[in-house]
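> could you look at this predicted model? Sequence included:
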Amino acid sequence: MQAGHMADDIGVEARLEHVLSRVAETGSDEAATFRTVYADTARREAAASRARQLAGQSLGPLDGMLVSVKDLFDVAGDVTVAGARNRLGVAPAVHDAPAVSRLRAAGAVIVGRTVMTEYAFAAVGTHPYFPAPGNPRDRTRVTGGSSSGAAASVGYGLCDIALGSDTGGSIRIPAALCGLTGFKPSHGVVPLQGAFPLSTTLDTGGPIARSVAACARAFAVLGDRADALATSVAARDLKIGVIRHEAVLADAEAPVLAAFEVAQAALVAAGMTLETVEIGPVIEGLRALDALGMFTSVELAAKLRDLPPDLLEMMDPRIRARMIPGYAVPATTYIAMHEARAALIAQMTALMDGFDGFILPTTPITAPRIVDMQDDAAFVRANGLVLRNPRIGNLLDLPGISLPLPVSGLPVGLMLWGVQGSDDHVLRVARTMEKVLYPSENP
């Protein structure tokens, strides 16, 4: 699985130069991971970090960590494309997004901005117009999205931490499919000013890394809070709800179901109390909410409402087709959607009372083959399946994390949800689970 950081013994400057040489290889998956590489500023940041380390003046645990930024967060002097070729001509950002500013202030070395699916509105990780990296665990397969380059930057060992965004699973899906750890905080904890919005209601920002500890360190900086792992949780003190509803397990691949069952057995053996929970009424409520409309479609349509026809035609047809229905949702229905969502959040909060979290497979399938995603029907099916489980957490504003499960084949993710606002506790519980699942790496 999992080293917490890239090797520290060779120094940040040497590590950066190694990464820059790899991403300079034209046509490689490593090169396709980044839309822009900030070689000059990264070298200056690496040199400054190295000087601080030598002087004993470290800024904290992120000082000298190599970090990538998803291409919907503003970086001063660069165009925020958000994966959309019709944005290539917009003006460069004047300021860093606050999330990027916080990373720089903590001493992170910003290597570059990573590629993503157009407007963050697809979860498979392919792109019809820009290069997209293959999965680090099998380059013939997709990374997952929309934070596709973010996961690739960590999975290929190019960065320690990736800043991504998650509206329906866009951090947790690629983390799961690439064998990484991805954390989606509660809405609003990580600032999204200076980030191109897909859905102002559902968008969140968060990290992808190789361990819970690395995600927690990044979250402490991004969320401007104390170390989320300051206290530990004993396995025997944890009560975890297990979601087995057909809505999250239907059409699951056999390796996913097997890994999920093995993980549960390991958690029980470690002393955790696991109890199956019935979320049928919540699922029915979510289906009724979806029947009203999709926040993503409505809010992206509103954001792009003044887009000239020629620029609209430049969009990925698959993305445009998902957005167009948003124009037909009346304001009264949109208000009803918010009211229904608030009621469902309250319902889920009550259901989770007494539990330290709920678990379920992050995605019911492993990473599909890239070549198969050229077929529209196959793409739509895969996109729907990988989104199905994670998006529940966005609609209900549940902080969630995807942990890689010990498997011999393609990566499988275990998703842990916590009650709204319990971000730090979710990370502590996840850290305990990580120690159980990978005891030899977490003595």
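Yes, it's here.

> show me what contacts the residue lying closest to Lys303 once chain neighbours are set aside?
Spatial nearest neighbour of Lys303, excluding adjacent residues (Cβ to Cβ, 6 or more residues apart in numbering): Pro197 at 6.2 Å. For every residue, glycine as well, the C-beta is placed using N, CA and C. Residues near Pro197 by Cβ atoms under 8 Å, 6 or more residues apart in numbering: 203, 299-300, 303.

> between the residues you listed, which is closest to Ser186?
Among the contacts of Pro197, Asp203 lies closest to Ser186 (Cβ to Cβ), at 11.9 Å.

> still on that earlier bit, next one: the residue nearest to Lys303 from Leu289, what distance?
The gap separating Pro197 from Leu289 is 20 Å, by Cβ to Cβ, to the nearest Å.

> phi first, then psi, for the residue nearest to Gly155 when sequence neighbours are not counted.
Nearest residue to Gly155, sequence neighbours excluded (Cβ to Cβ, 6+ apart): Pro136, at 3.2 Å. Torsion angles at Pro136 (phi, psi; degrees, to the nearest 10) stand at phi -60, psi -20.

> I'd say Pro136 and Cys178 touch.
Yes. Between Pro136 and Cys178 there is a contact under Cβ atoms under 8 Å: 5.7 Å.

> who's more crowded, those two?
Cys178 (31 against 24; other Cβ atoms under 10 Å).

> quick check, that one in contact with Ser153.
No. Contact criterion Cβ under 8 Å: Cys178 and Ser153 do not qualify, at 10.3 Å.

> quote the end-to-end distance of stretch 119-128.
For stretch 119-128, the first-to-last residue distance is 13 Å (Cα to Cα, to the nearest Å).

> ok, Leu396 - contacts?
Leu396 neighbours (Cβ under 8 Å, 6+ apart): 282, 286, 341, 344-345, 348, 420.

> same list (the residues you listed) but as a markdown table, adding secondary structure, neighbour count and distance to Asn394.
A markdown table is the format used below for the contacts of Leu396 (DSSP: H, G, I helix; E, B strand; the rest coil; neighbours: other Cβ atoms under 10 Å; distance: Cβ to Cβ, whole Å):
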| residue | secondary structure | neighbour count | distance to Asn394 |
| --- | --- | --- | --- |
| Val282 | helix | 21 | 14 |
| Leu286 | helix | 20 | 11 |
| Arg341 | helix | 20 | 10 |
| Leu344 | helix | 22 | 12 |
| Ile345 | helix | 17 | 11 |
| Met348 | helix | 24 | 12 |
| Gln420 | coil | 17 | 12 |
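
> out of those residues, who's nearest Gly188?
The shortest approach to Gly188 among the contacts of Leu396 belongs to Gln420, at 10.6 Å (Cβ to Cβ).

> on that earlier part again, in which helix or strand does the residue nearest to Lys303 reside?
Of the helices and strands defined by DSSP states H and E, none includes Pro197.

> now do it, the pLDDT please.
Looking at Pro197, its pLDDT stands at 98.

> phi, psi of the most far-flung residue of the chain relative to its centre?
Distance from the centre of the chain peaks at Ala55, with 35.1 Å (Cα atoms, centre = their mean). Main-chain dihedrals, Ala55, degrees, to the nearest 10: phi -90, psi 0.

> what sits against it?
Ala55 neighbours (Cβ under 8 Å, 6+ apart): none.

> from now on call the first residue 56
All set: I'll call the first residue 56, so the last point we hit is now Ala110.

> burial measure for the residue nearest to Lys294 when sequence neighbours are not counted, as a count.
Sequence neighbours aside, Thr328 is the residue nearest to Lys294 in space, at 4.5 Å (criterion: Cβ to Cβ, 6+ apart). Neighbourhood size, Thr328 [other Cβ under 10 Å]: 15.

> could you do Thr195 as well?
12.

> from Thr88, how far out is it?
16 Å.

> likewise Ala264?
Going from Ala264 to Thr88 by Cβ to Cβ gives 15 Å.

> ok, these two, which is more surrounded?
Neighbour comparison, Ala264 and Thr88: the larger count goes to Thr88, with 33 against 27 (by other Cβ under 10 Å).

> report pLDDT for the more buried one.
98.

> thought it was touching Ala207?
Yes. Applying Cβ under 8 Å, one finds Thr88 in contact with Ala207, separated by 4.3 Å.

> which neighbours do these two share?
Counting by Cβ under 8 Å, 6+ apart, the shared contacts of Thr88 and Ala207 are 169, 188, 213.

> ok, and the most crowded of the residues you listed?
When neighbours are counted by other Cβ under 10 Å, Thr169 leads the shared contacts of Thr88 and Ala207 with 31 neighbours.

> that one touches Phe128, doesn't it?
No. The pair Thr169 and Phe128 fails to qualify as a contact (Cβ under 8 Å) at a distance of 10.0 Å.

> re earlier: farthest-separated two in the contacts of Leu451?
Leu341 and Gln475 (15.2 Å).

> what ranges do the strands span in this structure?
All strands of the chain, identified by DSSP state E, fall at 89-92, 121-125, 164-169, 216-221, 236-239, 259-264, 294-298, 328-332, 412-416, 455-459, 468-472.

> distance from the chain centre to stretch 468-477, please.
Computed by Cα atoms, centre = their mean, to the nearest Å, the separation of stretch 468-477 from the middle of its chain amounts to 13 Å.

> give me the distance between the two termini of it.
21 Å.

> equivalent analysis for stretch 220-238, please.
10 Å.

> so how far is stretch 199-207 from its chain's centroid?
A distance of 8 Å separates the centroid of the chain from that of stretch 199-207, by Cα atoms, centre = their mean.

> end-to-end on that stretch?
10 Å.

> cool, stretch 348-368 as well?
Taking Cα to Cα, the first and last residues of stretch 348-368 lie 23 Å apart.

> just the mean pLDDT for that stretch, thanks.
Mean per-residue pLDDT for stretch 348-368: 96.

> hmm, who's touching that stretch?
Stretch 348-368 is contacted from outside by 141, 174, 176, 222-223, 252-257, 375, 377-382, 384, 388-389, 392, 450, using Cβ under 8 Å, 6+ apart.
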